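1. mind looking at a prediction? Sequence and model below.
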Amino acid sequence: MTSFAGTGVLLRFSLRRDRLIIPVWVGVNALMALSMPNTLKNLYGTPAERADLTHQVAANASFRALIGPVFDTSIGALTAWRVGVYAGALAAATSLMVVVRHTRDEEESGRQELVASGTVGRRASLTAALLAAGVANAVLAVLVAAGLAGQGAVGALSFGLGLAAVGMVFATMAAIVAQLTESARLARGLTAGVLGAAFVLRAAGDAATDDGSSALTWLSPLGWLENLRPYAGERWWVLLLFAAAVGLQAFVAYELAGRRDVGMSFLPTRPGPASGRLDSAGALAWRLQRGAVTGWSIAFFVVGVVYGGLTDGVTDLVGDNENARKIFERMGGQSGLTDAFLASMIGMMGLVASLYVVSSVLRLYGEETSGRAEPVLANAVGRLRWACGHLAVAFGGAVLIMLLTGLGFVVGYGKEAGPILGACLVQVAAVWVIGGVAVLIYGVFPRAATAAWGVAGAVLLIGWVGPALDAPRVLLDLSPFGHLPKLPGEGMEWGSVALLTVLAVVLVGAGLTGLRRRDMTA
């Protein structure tokens with residue numbers, strides 16, 4: 001039996017398990033890119049307007065740090081500039097999630113041991129996981145290349161390949177980390193930390209130079225993507241950097257996979273006893289999730305500082321562009337450009353916070369399916385008490401990260417602390433609704449728990465793309481964020497916030513009722 005025996009079967013199984021996650025996240029990523037050309041045409045329809053935009057970006061280090069430098073004034077080049085960094089980061093996040101899910105998650109739950117007892121090679125599971133990530137990235141590349149071909153086939157091809165290449169760099173990186181750690185949670189956290197570091201390196205490099213030539217930019221795979229320069233004199237040789245990184249990391253991952261036992265890792269887990277008090281289900285939940293809460297909190301505070309620092313310059317960037325002003329007003333209200341910008345950016349942070357609450361709620365699913373919940377529930381701890389401990393971290397953590405977001409905006413902007421903090425905390429009601437949906441799905445339909453990521457992805461798509469495309473109100477209202485007041489600037493609408501909060505409570509209650517009545521799946 002070869003070390004790759006059974007790879008095809010495992011690949012089909014992996015794709016079947018991810019038949020919701022992969023299409024949703026690849027679709028969100030592709031639609032984000034494909035919707036941008038029409039938006040840019042409406043915003044900057046003339047060469048003079050596009051030239052003025054590139055001049056403003058080149059002169060503003062904060063905007064370069066946030067989005068990257070502009071290399072050409074064509075619609076295709078502006079599309080690659082506007083969505084490249086974030087589409088690449090989303091491709092990376094999707095890839096690392098898929099690889100860790102089908103490697104370390106499987107080992108941690110014990111399913112990999114059962115699979116390995118059959119006619120399955122030693123490296124088959126790792127190969128299937130990487131191929132599943134490869135399929136997701138290939139589909140993304142095809143969708144982006146085909147959808148942007150109207151702006152130029154060569155540029156579309158390079159952009160699509162660049163996004164797929166970023167995804168595969170982080171897929172192979174996640175494959176290495178999955179061999180080093182014994183915990184899927186730690187594997188995801190470490191790889192996500194590397195992704196965050198890649199974003200920071202690129203941001204620091206782009207803030208220093210306006211042509212992507214900084215050494216810090218070249219240290220980041222996201223910097224390689226922008227230096228591929230789609231639609232701006234493509235540098236095809238940059239793809240060799242991606243290929244070399246993918247090949248080297250895959251080689252290391254396969255070597256490590258062949259040198260360890262199933263379920264083991266190269267970095268040993270620190271044995272107990274744990275320090276501090278673990279005298280309740282809530283204390284245990286906090287111990288398990290405090291690293292994630294800390295990471296999200298730091299990230300949101302830093303991003304808040306960055307966005308707050310951009311606020312004073314938004315008037316210069318938008319200038320007399322009435323279409324750009326209208327988009328900000330659709331996202332942030334009619335109360336003036338500065339308030340509209342603040343409201344739209346705070347709303348975007350609320351959308352991203354919905355990803356945190358889903359991941360935190362689904363920690364319950366991970367504890368259940370891995371078998372770790374069983375010894376806890378075997379003691380004098382009921383299901384509801386156990387679940388409520390994790391939900392307190394999930395929903396309380398949402399309040400914390402939005403509060404820190406507001407503090408970051410205050411630090412970056414330097415004024416109006418009260419209205420900004422209030423605007424951030426208002427987002428919590430909609431975030432809680434998404435968390436409530438996740439609780440409902442997990443409690444009533446545990447096998448479909450990962451569908452909560454699809455709900456969060458759909459809400460992200462509506463919130464990010466809908467206002468730019470001037471989507472009909474009926475579509476925007478499908479998202480709970482569409483019912484929030486546009487703060488700061490507009491008046492507070494306590495009724496809608498209260499209704500969203502009540503809806504979140506009802507969803508959580510229904511989910512906990514389902515959890516109490518059903519059998520545990522572990």
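-> Nice, I can see it.
2. any idea which element G282 lies in?
-> Assigned by DSSP states H and E, G282 belongs to helix 281-310.
3. ignore the last one, L478
-> Applying DSSP H and E as the criterion places L478 outside every helix and strand.
4. what number of residues lie near it?
-> L478: 13 surrounding residues under other Cβ atoms under 10 Å. All C-beta spots, glycine's among them, are computed from the backbone N, C-alpha and C.
5. do D477 as well
-> By other Cβ under 10 Å, neighbour count at D477 equals 12.
6. that one contacts H483, doesn't it?
-> Yes - the criterion here is Cβ atoms under 8 Å, and D477 meets it with H483 at 6.8 Å.
7. so how far is the helix holding G282 off the chain centroid?
-> Relative to its chain's centre, helix 281-310 lies at 14 Å (Cα atoms, centre = their mean, to the nearest Å).
8. below-threshold pLDDT in the stretch 351-500 of the chain: ranges please.
-> Along the stretch 351-500 of the chain, segments meeting pLDDT under 70 span 465-471, 489.
9. where exactly do the helices run in it?
-> Ranges of helices in the stretch 351-500 of the chain, per DSSP state H, counting those that start in this stretch, are 363-369, 373-377, 383-413, 417-444, 451-465, 473-476, 494-517.
10. angle of the third one against helix 494-517?
-> This means helix 383-413. Following axes from the mean of the first three to the mean of the last three Cα atoms, to 10 degrees, one obtains 150 degrees for the angle between helix 383-413 and helix 494-517.
11. just checking, what packs against helix 383-413?
-> helix 281-310, helix 337-361, helix 363-369, helix 373-377, helix 417-444, helix 494-517 (3 or more Cβ pairs under 8 Å, 6 or more residues apart in numbering; DSSP states H and E).
12. got the buried residues for the last one?
-> Under the neighbour-count criterion of 16 or more other Cβ atoms under 10 Å, helix 494-517 has 496-497, 500-501, 503-504, 507-508, 511-512, 514-515 buried.
13. can you tell me which of these lies nearest to L384?
-> L512 (5.8 Å; Cβ to Cβ).
14. that closest one and V439, how far apart?
-> As for L512, its distance to V439 is 7 Å (criterion: Cβ to Cβ, to the nearest Å).
15. go on, I420?
-> Distance, I420 to V439, by Cβ to Cβ: 29 Å.
16. same drill for the two, tell me which one is more crowded.
-> Remark: of I420 and V439, V439 carries more neighbours, 31 against 26, as counted by other Cβ under 10 Å.
17. pretty sure that one contacts V505?
-> No - using Cβ under 8 Å, V439 is not in contact with V505, being 10.5 Å away.
18. low-scoring stretches of the stretch 101-250 of the chain, by residue?
-> Residues of the stretch 101-250 of the chain meeting the criterion pLDDT under 70: 109-110, 112-118, 121.
19. got a list of what A178 touches?
-> By Cβ atoms under 8 Å, 6 or more residues apart in numbering, the contact set of A178 is 99-100, 103-104, 126, 184, 187, 253.
20. any idea how far L78 is from E493?
-> Applying Cβ to Cβ, the value for L78 to E493 is 36 Å.
21. neighbour count winner among those two?
-> Neighbours were counted for L78 and for E493 using other Cβ under 10 Å; L78 has more, 27 against 15.
22. now do the contacts for the more buried one.
-> L78 makes contact with 36, 40, 44, 50, 53, 70, 72 under the criterion Cβ under 8 Å, 6+ apart.
23. and the second one, how far is that from R385?
-> Spelled out, it's L40. Remark: distance between L40 and R385 (Cβ to Cβ) = 52 Å.
24. ditto for the fourth one
-> Counting by Cβ to Cβ, the gap from R50 to R385 is 59 Å.
25. quick one, which of these two is more surrounded?
-> Each of R50 and R385 had its neighbours counted (other Cβ under 10 Å), and the higher figure belongs to R50 (21 against 14).
26. I'd say that one and A77 touch.
-> No - with contacts counted by Cβ under 8 Å, R50 stays clear of A77, the gap being 9.1 Å.
27. right, and T209 touches T217 too?
-> Yes - applying Cβ under 8 Å, one finds T209 in contact with T217, separated by 7.5 Å.
28. give me the more crowded residue out of those two.
-> Per other Cβ under 10 Å, whichever of T209 and T217 has more neighbours is T217, with 25 against 15.
29. which residues touch V85?
-> Contacts of V85 by Cβ under 8 Å, 6+ apart are 67-68, 199, 202, 222, 225-226.
30. from the residues you listed, which land in helices?
-> Using DSSP state H, the members of these that fall in helices are 67, 199, 202, 222, 225-226.
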